[in-house]
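J.: Show me how the following folds:
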Amino acid sequence: MKLLDVRQKFLNHLAGERGLAEHTLANYGRVLQHDIEQLELLGATSLAEVTLPVFERLFMDWRRAGLGDASLALHLSAWRTCFDYCIRQSWRFDNPARQIKAPKAAKRLPKNLDVDSISQLLQLPEDDELALRDAAMMELLYGSGLRLAELVALDIDGINPRHQELRVLGKGSKVRIVPYGRCAAAALKKWLPVRSRWLQGNLTEVALFISQRQQRISPRTVQQRLNHWGKLQGLKGNLHPHKLRHSFASHMLESSGDLRAVQELLGHANLSTTQVYTHLDFQHLAKVYDAAHPRARKK
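T.: From the prediction side, this is the model:
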């Protein structure tokens, strides 16, 4: 069977039976068309002629053409899916595209706010009860590096004002104790009387952060409120809870250089999860290396 015929049948299958998005269909159709032209130059015009050695040569052509990792992954995905379809149709019995290892996608590094942006964000009005609640939430997200779910799950008895500590219910129902700073303490001191007024003597609600309906605040509401303040305070892009957590982690690591301590504060089970933040302070790490390593120290 000719490769162009295979391409058309495959695309018809994707459009009709699998209902793929038009964008995906267009991308698959485009890369297959381009690659079939390349395969013809390699002497393969039929499905049976695309052997593993031929496909490896095609992959090397992609590399020589300077395709990036994302483009390479797209080409491989298109051919893997196409060959899988051909196997189901009994047109062939192997998938050479699955013998080629796809390049690992570059890990997206977390975005964080600098200290000045944090200060700008947290200058909220003090004559607005919603703002007082939101300030306390943001101070804890940034001051203690909480996850959104951890913030929402906080109970009033989880605060220890004397030692400025929080009892946090993390992933896997693991409880950890995390500190919070003076700014978060001041924000909580202003929020707690407002919370009492909103509850109007209702002692059954134990959530630290509540809505004006006397209910535990929802994750969606927290996201909306943060985005609201981010825009109002003139910050670029969307402000989400994880950006404050990322900022906490990166600022702590920049100041302390103690990866293990940051791991404990974030509640990461594995150090490798925390290591994504090390990119944020290469200059500091380089200085430490230059000062400490026997082969790097200047005479």
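J.: Check the burial of residue 3 by counting its neighbours.
T.: By other CB atoms under 10 Å, the residues close to residue 3 number 21. To be clear about C-beta, it is placed using only N, CA and C from the backbone, and glycine gets the same treatment.
J.: State the distance from it to residue 100.
T.: Here the criterion is CB to CB, to the nearest Å. By it, residue 3 lies 18 Å from residue 100.
J.: go on, residue 165?
T.: Residue 165 sits 52 Å away from residue 100, going by CB to CB.
J.: again, but for residue 143
T.: Residue 143 sits at a distance of 48 Å from residue 100 (criterion: CB to CB).
J.: which one of these two has more residues nearby?
T.: Neighbours were counted for residue 143 and for residue 100 using other CB under 10 Å; residue 143 has more, 24 against 19.
J.: you'd agree the more buried one is up against residue 183?
T.: Yes - here residue 143 reaches residue 183: they are 6.3 Å apart, a contact under CB atoms under 8 Å.
J.: overlap in contacts of the two?
T.: Here residue 143 and residue 183 share no contacting residue, scored by CB atoms under 8 Å, 6 or more residues apart in numbering.
J.: what sits against residue 113?
T.: Residues near residue 113 by CB under 8 Å, 6+ apart: 121, 235, 243, 244, 247.
J.: any chance you could map the helices in the stretch 101-250 of the chain?
T.: Here the stretch 101-250 of the chain has its helices, by DSSP state H, counting those that start in this stretch, at 115-121, 129-144, 148-153, 182-199, 219-232, 241-256.
J.: how about CSV for those, with distance to residue 175 and mean pLDDT added?
T.: Output for those, formatted as CSV (distance: least, CB to CB, whole Å; pLDDT from 0 to 100):
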stretch, distance to residue 175, mean pLDDT
helix 115-121, 27, 87
helix 129-144, 14, 92
helix 148-153, 10, 91
helix 182-199, 19, 93
helix 219-232, 20, 92
helix 241-256, 18, 79
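J.: wait, which of those is closest to residue 41?
T.: Closest approach to residue 41 among those (CB to CB): helix 241-256, 47.1 Å.
J.: which helices and strands does the closest one pack with?
T.: Under the contact criterion of 3 or more CB pairs under 8 Å, 6 or more residues apart in numbering; DSSP states H and E, helix 241-256 touches helix 115-121, helix 129-144, helix 148-153, helix 219-232, helix 259-266.
J.: For those helices, could you give me JSON lines that also reports distance to residue 170?
T.: Below are the helices and strands packed on helix 241-256 laid out as JSON lines (distance: least, CB to CB, whole Å):
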{"stretch": "helix 115-121", "distance to residue 170": "23"}
{"stretch": "helix 129-144", "distance to residue 170": "12"}
{"stretch": "helix 148-153", "distance to residue 170": "6"}
{"stretch": "helix 219-232", "distance to residue 170": "15"}
{"stretch": "helix 259-266", "distance to residue 170": "9"}
